[in-house]
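Undergrad: need a structure here:
(chains A, B, C and D)
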There are 2 protein chains.
Amino acid sequence: MTAVLVVDDDPHLLRALRITLQAHGYDVTTAADGHSALLAATQHPLALVILDLGLPDLDGTSVIRELRTWSRVPVLVLSARHGSEDKVEALDAGADDYITKPFGLDELLARLRALLRRTADPDQEPVVTTDAFTVDLGKRRVLRDGQDIRLTPTEWKMLEVLVRNPEKLVTQQQLLSEVWGPAYAKETNYLRVYMAQLRRKLEPGAATPRHLVTEAGIGYRFLP
Amino acid sequence: MTAVLVVDDDPHLLRALRITLQAHGYDVTTAADGHSALLAATQHPLALVILDLGLPDLDGTSVIRELRTWSRVPVLVLSARHGSEDKVEALDAGADDYITKPFGLDELLARLRALLRRTADPDQEPVVTTDAFTVDLGKRRVLRDGQDIRLTPTEWKMLEVLVRNPEKLVTQQQLLSEVWGPAYAKETNYLRVYMAQLRRKLEPGAATPRHLVTEAGIGYRFLP
DNA sequence: GCCGATCTTGACGAATCCTTGACGCCGGCT
DNA sequence: AGCCGGCGTCAAGGATTCGTCAAGATCGGC
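TA: Got it, this is the predicted structure:
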């Protein structure tokens, strides 16, 4: 199970996060201040740390710096401040991602997944198969009729997002944000161009996409 | 079980390493200073030693030199310094690998595996064959048409990384980090130069590499 | 200290990839 | 029927990345 340490001095938020994360299959330990957080980090091998910057005893960035003297575990920072200085400071100290309160739980979970994926062991990534093609997430590879299909980096990123959410509807904003970055939420042109590219390479029957389905006005969906 | 000795004067890090390594199936003993480390090394037969350079009593390189007077156990050095002098000194003293803090536990585990593999029985190393050439990891040789091909040390390291990950995409950063070291993550020039060299020596058909494939913008891939 | 092998560095065309805009099709709506 | 917005398609250009080469720098052995 994936071990996550959550550090926050607000007991309500701490509780909410613990329950939510456990409901999504994470093994959660919590800490309410910087010192106990650093202590907890030495007790178990952790897959990820969620850290609030506003702690009672230590500055949040100090916690990161201290942790970084010996560990490179991914750190996702929570902060009430929107200012870019704090953000820069935290990232410079060694944080991996930054999210400001208030935040949506689904956004937190998405960033968390992205962070964990970046440090995941490729050997145990899933292999997704349809009747037309096979996507090997670990080897970063797509097969069709035994031949491997070469995808450009952008094509792959887009396919990866869809394949990691099988059956689920992926909104245009979600796709654009994960592939091109959060600033490209309006460029739905890209989606059309690259979706056509993917279908040309992966879908056998020309005019009828069976695995990469478009939901008009909303987004796309991958069906295995 | 694989016996590992961890030597560090930071009790937190020591504890974290012991827990992590035990969780990955290693038999761990610890020591907090140079003298007790050397003592511990005489008690059990060890498969590997993880050694922090900054010890309270002895210089880390002295520990290595002392150890090397009677043992050939592989030594992985931890250091807080990024300078190349310490690195050279430690390696000259007889260390086998060098990693600077902060480090990722997964990187440590990977280097540890690599180190243990290097001392593995060469007869058990795999021999990978393609229709054009054969790579013998154990004997460190490459054959083509029955003739063995001379590879320079760097060429070999690069080929080895690729061959040990057949069909898998190997990132540019991964290659650079494993062959030249983690500090060379930007020097993609090297990759181009040495990949050309490898292809000239191994790929028969000139213009169409079939076994050493490039994935533009990402990395390379070895196909048997 | 010399010499050969190996590694580094920079420059250049060639290949690949990304972006952008235009166009036609389809379905919903008035 | 006609308008309109969203989608699929295509191709050109510009930007990035790759392969190639060769000349220095560095290393190691004699």
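Undergrad: switch to C-alpha atoms for all contacts and neighbour counts from now on
TA: Fine.
Undergrad: so what's residue A:117 up against?
TA: Listed by C-alpha atoms under 8 Å, 6 or more residues apart in numbering or on different chains, residue A:117 has no contact partners.
Undergrad: That one in helix, strand or coil?
TA: helix (DSSP: H, G, I helix; E, B strand; the rest coil).
Undergrad: again, but for residue A:87
TA: Looking at residue A:87 with three-state DSSP, the answer is helix.
Undergrad: so who does it touch?
TA: residue A:98.
Undergrad: How about chain A: which residue is closest to DNA strand C?
TA: residue A:154 (3.8 Å; C-alpha to the nearest atom of the strand).
Undergrad: Now do the same contact list for that residue.
TA: residue A:179.
Undergrad: any idea how far it is from DNA strand D?
TA: 12 Å (C-alpha to the nearest atom of the strand, to the nearest Å).
Undergrad: Now find how far off-centre the lowest-mean-pLDDT helix or strand in chain A is within its chain.
TA: Scoring the helices and strands of chain A by mean pLDDT, DSSP states H and E places helix A:84-93 at the bottom, with a mean of 83. Chain-centre distance of helix A:84-93: 20 Å, with C-alpha atoms, centre = their mean, to the nearest Å.
Undergrad: how close does the residue of chain A closest to DNA strand C get to residue A:194?
TA: As judged by C-alpha to C-alpha, to the nearest Å, residue A:154 and residue A:194 stand 8 Å apart.
Undergrad: Show me where chain A dips below the pLDDT cut-off.
TA: Across chain A, the ranges flagged by pLDDT under 70 are A:206.
Undergrad: and the spatially most central residue of it, helix, strand or coil?
TA: Centroid-nearest residue in chain A, with C-alpha atoms, centre = their mean: residue A:114, separated by 1.8 Å. Classification of residue A:114 using three-state DSSP returns helix.
Undergrad: Let me see the contact set for it.
TA: Residues near residue A:114 by C-alpha under 8 Å, 6+ apart: none.
Undergrad: Just checking, which helix or strand succeeds the least confident helix or strand of chain A along the chain?
TA: strand A:97-100 (DSSP states H and E).
Undergrad: partners of that next one in the sheet?
TA: strand A:75-79 (parallel) (DSSP bridges).
Undergrad: CA atoms only: put the partner strand into PDB for me.
TA: Extracted in PDB, the C-alpha atoms of strand A:75-79 (Å, rounded to 0.1, in the frame of the first residue of the first chain):
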ATOM      1  CA  VAL A  75       6.600  16.700  -1.100                       C
ATOM      2  CA  LEU A  76       3.400  18.300  -2.000                       C
ATOM      3  CA  VAL A  77       2.900  21.700  -0.200                       C
ATOM      4  CA  LEU A  78      -0.400  23.100   1.000                       C
ATOM      5  CA  SER A  79      -0.500  26.900   1.600                       C
END
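Undergrad: buried residues in the host helix or strand of the residue of chain A closest to DNA strand C?
TA: Using DSSP H and E, residue A:154 sits within helix A:153-163. Neighbour counts over helix A:153-163 (16 or more other C-alpha atoms under 10 Å in any protein chain shown) mark A:155-163 as buried.
Undergrad: sec struct for residue A:37, please.
TA: helix.
Undergrad: Give me the nearest residue to it, chain neighbours excluded.
TA: In space, and not counting its chain neighbours, residue A:37 is closest to residue A:31: 5.3 Å by C-alpha to C-alpha, 6 or more residues apart in numbering or on different chains.
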